[in-house]
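[1] Could you work out the structure for the sequence below:
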Amino acid sequence: MAARSRRARLEDVHELAMGMPHVTVESGSRGKPIYQVGGKSFVFFRNPRPDAVDPATFERYPDVIVFWVSSESDKQALVQDQASPFFTTQHFDGHPSVLVRGSRIGELTVQELAEVIQDAWLARASAARSAAWLQAHSGG
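    Take a look at the predicted model:
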């Protein structure tokens, strides 16, 4: 099986985020990583919060990852599919991001995860950095 088509793992989130240019990693509360470009977060690992809970037990999800998106329509495309591992909460209404539980990251292929992380980076990088990256990855 090709590496890009295998099921994603949690460590892929870290590797793919760090693989984007000009990335720095900040340590959030409880030491959870916050991946940034130009001082702007594009992927981060959230602490358990009251807005993201198991509907059966009401226990807070301990493994929520936040990915920036470029628009509300991109967000809706990811969260509207009930089979998708992406979700949002009322806390994130109007915020350009989607959430996914780390325990569900394997529902994505590495390629799908890479696209989400690349899009998150592009949503937060400067126009010059975005243009340079897009030009280098245009395939033409």
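[2] Mind telling me what element residue 24 is part of?
    strand 23-27 (DSSP states H and E).
[3] and that strand, what does it pack onto?
    On a contact count with 3 or more Cβ pairs under 8 Å, 6 or more residues apart in numbering; DSSP states H and E, strand 23-27 meets strand 33-37. Just so you know, the C-beta spots here come from the backbone N, C-alpha and C atoms, and that holds for glycine as well.
[4] The nearest residue to residue 60 once chain neighbours are set aside: neighbour count?
    Once flanking residues are discounted, residue 60 sits nearest to residue 48: 3.5 Å by Cβ to Cβ, 6 or more residues apart in numbering. Residue neighbour count, defined by other Cβ atoms under 10 Å, stands at 13 for residue 48.
[5] quick one: residue 48 is in a helix?
    No. If the criterion is DSSP: H, G, I helix; E, B strand; the rest coil, then residue 48 is coil and not within a helix.
[6] thought it was touching residue 54?
    No. Look at residue 48 against residue 54 with Cβ atoms under 8 Å: they stay out of range, at 10.7 Å.
[7] thought residue 44 was touching residue 33?
    Yes. Taking Cβ under 8 Å as the definition, residue 44 is a contact partner of residue 33 at 6.9 Å.
[8] Between the two, which is the more surrounded one?
    For residue 44 and residue 33, the more surrounded residue by other Cβ under 10 Å is residue 44, and the numbers stand at 21 against 17.
[9] got the residue ranges for the strands in the protein?
    23-27, 33-37, 40-45, 64-68, 86-87, 97-101 (DSSP state E).
[10] closest to residue 116 out of these?
    Nearest to residue 116, of all these, is strand 64-68, at 5.4 Å by Cβ to Cβ.
[11] quick check: angle from the closest one to strand 97-101?
    150 degrees (axes from the mean of the first three to the mean of the last three Cα atoms, to 10 degrees).
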